[in-house]
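S.K.: Would you be able to build a 3D model of this:
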Amino acid sequence: MKCKLHSLAWVAFMAGILAIPGLGCSGTSEQVENADPPKPKTVQVEKTVEVEKTVKVKSKAEPSSEPTAEPTPDEDQQEPDEMMCQIGQECDLGESRATVTNAEQTESISSFGETFEGDYVIVEFDYTYGGNTPVDLDEPPFQLSDGDDNTYSLDFEATSSYGIEENRNLIYETAQPGVTAPGTAVFEVSPNASDFTLFVVDLVSPQANDAAMIPLPDSAQASSSSAQSSETSSVDSTLDSFVSSYYEAVSRKDWSGTYSMLDAQSRSVFAEDEWIEKQTARDATTSTSTLNSSVVNSVSGEEPELLADVTLVYDDGSEESLGVPIRLEDGEYKRYLTDDDIAYLETL
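M.R.: The predicted structure follows:
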């Protein structure tokens, strides 16, 4: 009887789990032992630890964020900052080459009857295209910075006007493979700015090639060099007198007088009547303001060929800076024509 009560109690207890008819007393211990089989299922749950393996796989995949370990493009972009050139030094830009030949500051630019008033830095350069086929150029993508970390872009109108006047225009021109062409870049800068650095890049493919940083002489250095050169030119008063006489003839439009001041080689290029015709045509395209005076700021080069830095002052108060080629011939100073001068006059 006790066995039946015990069995009924056990059946009641296990009713929600397992119902087996005809339980005996001996079946009690067997079912206790048979209750252990669920444990293998928990063992199977332990296999979920394999998920940790997938986590480990993900952790191994994390190094795939190696793109952050690609600083090489940034390092390449920093290389131009380390490439320094000087005025007069040819800068290798990779495919092409550029040489800054002159840089100066001025408060006005006059060309073709138009005057630009302000603070300007004028840069003259020679560019040699290294490609294999002709290519059309846009405006020079150069930039200028000063000691206060200000950055200046090209002044298109001043650059175009000055470049055409000086026969140094490369805007919208065609670059020929291996042919060196003169160019210019004009920047309007902040008043009293100094310590300029020019950022030079390839005119055709500025981003695909190298770049160069060129420090420009500041106004203090320019004043110092001008003062030293002025001492030299003041000693040679004959040169000052020649330049003054030449531009006095220009102000009078005495083209026969200016022709007589040319050296023999220049006179062999143009006959006197042809020279007068060319100068008349040139004068018709320039400012109508009357020339007031000329000042020799400096003289560079070695005899017999010299280059005088001359400032022309007009009656309206405007000024113009020119590089005037001068040759010592038979003990006398003469104005001589460069290849650029001749090419420009032949277009008139």
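S.K.: Grab the nearest non-local neighbour of the residue nearest the centre of the chain.
M.R.: With the centre of the chain defined as its mean C-alpha position, the nearest residue by C-alpha atoms, centre = their mean is Phe142, 3.4 Å away. The spatial neighbour of Phe142 that comes closest, neighbours along the chain excluded (C-beta to C-beta, 6 or more residues apart in numbering), is Ala185 at 4.8 Å. Bear in mind the C-beta positions are built from the backbone N, C-alpha and C, glycine included.
S.K.: Model confidence for the residue nearest to the centre of the chain, exactly?
M.R.: Predicted confidence (pLDDT) for Phe142: 94.
S.K.: With the one 4 residues further on instead?
M.R.: Note for Asp146: predicted pLDDT of 93.
S.K.: I'd like the distance between it and Pro191.
M.R.: Asp146 sits at a distance of 11 Å from Pro191 (criterion: C-beta to C-beta, to the nearest Å).
S.K.: So the two - more neighbours on which side?
M.R.: Asp146 (20 against 7; other C-beta atoms under 10 Å).
S.K.: State the distance from the more buried one to Thr106.
M.R.: The gap separating Asp146 from Thr106 is 16 Å, by C-beta to C-beta.
S.K.: Extract the residue ranges of the stretch 201-348 of the chain that are flagged as low pLDDT.
M.R.: 218-236, 287-288 (pLDDT under 70).
S.K.: Check the spacing between Asp263 and Gly257 real quick.
M.R.: 15 Å.
S.K.: Just want to know which of those two has more residues nearby.
M.R.: Between Asp263 and Gly257, Asp263 has the larger neighbour count (other C-beta under 10 Å), namely 21 against 14.
S.K.: so who does that one touch?
M.R.: The neighbourhood of Asp263, defined by C-beta atoms under 8 Å, 6 or more residues apart in numbering, consists of Arg327, Glu329, Lys334, Arg335, Tyr336.
S.K.: For the residue nearest to Phe142, identify the helix or strand it belongs to.
M.R.: strand 180-188 (DSSP states H and E).
S.K.: Just the buried residues of that strand, please?
M.R.: Buried residues in strand 180-188, defined by neighbour count with 16 or more other C-beta atoms under 10 Å: Ala181, Pro182, Gly183, Thr184, Ala185, Val186, Phe187, Glu188.
S.K.: Show me what it is in contact with.
M.R.: When contacts are defined by C-beta under 8 Å, 6+ apart, strand 180-188 is touched by residues 109, 116, 118-129, 140, 142, 144, 152-155, 158-159, 162-163, 166-170, 173, 175, 198, 203, 340.
S.K.: Please apply the same query to stretch 105-123.
M.R.: 100, 102-104, 142, 144, 152, 155, 157-158, 161-162, 164-166, 184-191, 193, 196, 198, 216, 219, 222, 285-289, 314, 316, 318-321.
S.K.: again, but for stretch 325-339
M.R.: For stretch 325-339, the surrounding residues in contact (C-beta under 8 Å, 6+ apart) are 238-239, 242-243, 246, 258, 261-266, 269, 303-308, 324, 341, 345.
S.K.: Check which helices and strands the host helix or strand of Ala284 sits against.
M.R.: Per DSSP H and E, Ala284 falls inside helix 272-285. Judged by 3 or more C-beta pairs under 8 Å, 6 or more residues apart in numbering; DSSP states H and E, the packing partners of helix 272-285 are helix 255-260.
S.K.: Could you give me the buried positions within the helix it packs on?
M.R.: Buried residues in helix 255-260, defined by neighbour count with 16+ other C-beta under 10 Å: Trp255, Thr258, Tyr259.
S.K.: immediately after it, which helix or strand?
M.R.: Later in the chain than helix 255-260, the nearest helix or strand by DSSP H and E is helix 264-269.
S.K.: Give me the distance from that following helix to the chain's centre.
M.R.: Centroid separation for helix 264-269 versus its chain: 40 Å, with C-alpha atoms, centre = their mean, to the nearest Å.
S.K.: Next: stretch 186-193.
M.R.: With C-alpha atoms, centre = their mean as the basis, stretch 186-193 stands 17 Å off its chain's centre.
S.K.: Span of it from start to end?
M.R.: Stretch 186-193 has an end-to-end distance of 15 Å (C-alpha to C-alpha, to the nearest Å).
S.K.: mind checking which helix or strand Leu345 is in?
M.R.: Counting by DSSP H and E, the secondary-structure element that holds Leu345 is helix 339-346.
S.K.: Thanks a lot, see you next time.
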